[in-house]
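# Model the structure of this input:
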Amino acid sequence: MQASAPTDTQPNQICGRLRKFVFTPGDNGFGVAVVEDEESGRIWTARGPLWGLLEGETVHLWGRVEEDPKWGRRFRVDSAQPALPSGPHALERWLRSGRVPGIGEVVAKRVVEAAGPGGVAKIRSNPGVLLGISGLTGPKRRALFEAIAAIDAHQEAALFLHGLELGPALVQKILRRYGQDALRVVRQRPFSLATDLAGVGFRTADRLAQAVGVASDSPERLQAAIAHVMHELSNHGHTAPPRDQVQAMVAALAEVTDERAAQAVAQSVAAKDLIGVYIDDPQGDRVEAVALPSLDAAERAIAAWIAARSQGAMDHETAVNPKIAAAEQALGFALQGGQRQAVAQALQTPLLVVTGGPGTGKTTILRGVLAALGSDANVLLAAPTGRAARRMAEAGGREAKTLHRLLEYDPHQQKFTRDASRPLEAELVVVDEASMIDAPLAAALLAALPEPTRLLLVGDADQLPSVGPGAFLADLLASPQVGRVRLTEVHRQSEASRIVTAAHQVLHGHVPQGSGRGEGGDFFVIPRQTTEEIAETLVEIVRDRLPRQGFDPIADVQVLAPVHRGPLGTQALSERLREALNPHGAQTLRGLRVGDKLIQTRNDYDLEVFNGDIGTVIGVAHREPTAAQSASQALPFATEPLLRVRFGAREVQVGQAQLDSLELAYAVTVHKAQGSEYPAVVVPVHLGQHVMLQRNLLYTALTRAKRFAVLVGQPAAIARAVANAAPLARSTQLRRLLRELSMKVEGAAW
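This is a model prediction of the structure:
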């Protein structure tokens, strides 16, 4: 059906009756409908996301008018939701539509007759008009009142939010998160959006706050700015940033004077929203800092645990030698040098850290310790990620869990249920990929380890630090009372690998040398200069060259980029690679296709998928709303489309609110790849990646590859990354706490 003749009117919203669907919304929510504008009477063809709207009901659409060469003038919908009906016929259609459970055609007619003209307004102001209607029981009346109130609240909130020009996606996110309370939250505590909603920062919340009259120098606004700054700094790994730095960032963000920002920070410290602490700067001088209470408590708990365990007694060497001999017999070879030292100390000391690069025998340490203790020993194995835990289980021949599973995280209580009151029961706990452990997770782990349980931490100290706040492994290694063994010898079985050689070349400050053309091998450097040349070559390698070597381009190959944005960032490269590898996948939700490779970017304990997990889109399912949801309109759609994603052997159904945690993963950042290994890795390197060109980042990228690695890019950029040996420093107080506590404990050195 054609839209009505064009006029000068260009509406950005329409409220009216949805006459019929020309194209019923499918799995991706897209539909085409004929809508009659109740104000002008004009008939529009509307196209866009029309999830859950019903024929015959009153709807509210936001969007814009567009001119189509073939179809003429149409209304392009950005967002849509049911609206309250205005006239008696519309009210009857709405009542019969199924929006109010239990009310059918006969009861709907009776309600309209009893309410008379202005029915909805009368019902809202005087619910008594519905008393005595045959068939309208008490529960049905309550459901009707709740449905009217819910849509009314949604309508008012949506109109207000769209008026602020927030954009349809954010409006829908706010309405989904807060439901009937959306308008109250926005008006009374607008800055809570920055903490409650992913992707909403201080700037957006501040714009809302100004729209509802919050003063620019109000304490609420400055405290929100402080919270945003501390959150950003913790995202960059800092647990105790310098106080001067925090004050300067708050002043710049909130556009207030340095004095006003300092005063606000002081007020936060006085209210114990921040903790005043001291850290050591790179020169060893004491500097004032501030910490979030949770991070301050985590680092203090870590230091206290280590100081207390430093007094633990070591087993005598004569008790350890027979166990080492048993381990060597089981392994079939003699342990030498650092490997023997590591196994011996792991059997003796309360805490041991074993570090080493690829090929130095960290897996042998694990197998040796398990063999020394015997199959009946109560040993628990864990790692920060699911992929690392699976590798650990394969190497150790027994179950390994993620740390969250080991500590039995309860997503509903948002805490670990294994703690000091319900500790783990084990002789030894072994944790791999220890460089990935942040301060809060470390504190939770140590709290669940009673005496005399020993802890063996295994990791590569030269890799990138944890994604979360803190520098747990680096701070431990800087403390003299923590036992450690550093493995440096590359063993014979790894010497043939050019990947291992290249990683160690990078580690020691040498530009890695790849195999020459026609030489074979497993590590290559392909020089390219411009970003376009690098991107085109990278796609060719993944799509064409590596499959000829037997690698599946989606399942086996992972592109690792230093940055998210830009022509060589993960976002742009993922889009390029998707068009090359999955151009014709069936459309699902939010533009994702069947067959798309995705990464989970936040832990989701309800779905049991975790930050860094890689999955594949397999389709769409639908979840019908419960009776309570239908009555209250807590969800704006009649049914909720769910994205079906396969993570390993499990299928997970992801709801609309959880889709924000999924991103295309044809290319991911090196940080996200920590704890994972891939058959083949391809890394773009360009001088435009600036501060991310670091030695430990390039080293980490290379050590993710099991069988094949390729660097594509500018030789000058590779050289700069290798030369940049100073990682971005993290401000923590753990080193100072460990030093101070060790001075108070007699016999702290083991």
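# What about the closest residue to Glu425 other than its chain neighbours, how many residues nearby?
Using C-beta to C-beta, 6 or more residues apart in numbering and skipping residues adjacent in sequence, the residue nearest Glu425 is Asn378, 6.8 Å away. For glycine as for every other residue, the C-beta is placed from the backbone atoms N, C-alpha and C. Counted with other C-beta atoms under 10 Å, residues neighbouring Asn378 total 12.
# isn't Asn378 right up against Val430?
No. With contact defined as C-beta atoms under 8 Å, Asn378 does not reach Val430; the gap is 11.9 Å.
# about what we covered before: OK, contacts around the residue nearest to Glu425?
425-428 (C-beta atoms under 8 Å, 6 or more residues apart in numbering).
# Show me where the stretch 351-500 of the chain dips below the pLDDT cut-off.
Low-confidence regions of the stretch 351-500 of the chain, defined here as pLDDT under 70, cover residues 492-496.
# what's the weakest-modelled helix or strand in this protein?
Confidence across the helices and strands of the chain bottoms out at helix 627-632, with a mean of 44, counting by mean pLDDT, DSSP states H and E.
# going on from that one, what's the next piece of helix or strand?
Scanning the chain past helix 627-632 towards its C-terminal end, the next helix or strand to appear is strand 640-647 (assignment: DSSP states H and E).
# Alpha carbons only: can I get that next one in PDB?
What follows is strand 640-647 as a C-alpha-only set of coordinates in PDB (Å, rounded to 0.1, in the frame of the first residue of the first chain):
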ATOM      1  CA  GLU A 640      11.600 -11.800  23.100                       C
ATOM      2  CA  PRO A 641      13.900 -13.000  20.300                       C
ATOM      3  CA  LEU A 642      17.000 -14.800  21.600                       C
ATOM      4  CA  LEU A 643      20.300 -15.200  19.900                       C
ATOM      5  CA  ARG A 644      21.500 -18.800  19.800                       C
ATOM      6  CA  VAL A 645      25.300 -19.000  20.200                       C
ATOM      7  CA  ARG A 646      27.500 -22.100  20.600                       C
ATOM      8  CA  PHE A 647      30.300 -21.700  23.000                       C
END
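# Just the mean pLDDT for whatever helix or strand comes next after that strand, thanks.
With elements assigned by DSSP H and E, the helix or strand that comes after strand 640-647 is strand 650-654. Here the mean pLDDT over strand 650-654 is 91, rounded to a whole number.
# which other helices and strands contact strand 650-654?
strand 614-623, strand 640-647 (3 or more C-beta pairs under 8 Å, 6 or more residues apart in numbering; DSSP states H and E).
# just checking, what packs against the first one?
The helices and strands touching strand 614-623, judged by 3+ C-beta pairs under 8 Å, 6+ apart, are strand 597-600, strand 640-647, strand 650-654.
# in its sheet, what does the shortest one sit against?
It stands for strand 597-600. Partner strands for strand 597-600, per DSSP bridges, with pairing direction: strand 614-623 (antiparallel), strand 662-664 (antiparallel).
# So for that strand, mean pLDDT?
What strand 597-600 shows for mean pLDDT is 94.
# how about the CA coordinates for it, as PDB?
Taking only C-alpha atoms (Å, rounded to 0.1, in the frame of the first residue of the first chain), the coordinates of strand 597-600 have been written out as PDB:
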ATOM      1  CA  LYS A 597      32.400 -15.500  15.300                       C
ATOM      2  CA  LEU A 598      31.700 -13.700  18.600                       C
ATOM      3  CA  ILE A 599      33.500 -12.900  21.800                       C
ATOM      4  CA  GLN A 600      31.900 -12.400  25.200                       C
END
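# winner for burial among the helices and strands packed on strand 614-623?
strand 597-600 (a mean of 24; mean count of other C-beta atoms under 10 Å).
# Identify all contacting residues around it.
Contacts made with strand 597-600 from outside it, assessed by C-beta under 8 Å, 6+ apart, are listed as 554, 582, 592, 609-617, 645, 647, 661-666, 668, 672.
# can you check stretch 410-418 too?
Residues external to stretch 410-418 that are found in contact with it (C-beta under 8 Å, 6+ apart): 404, 406-409, 424, 444, 447-448, 605-606.
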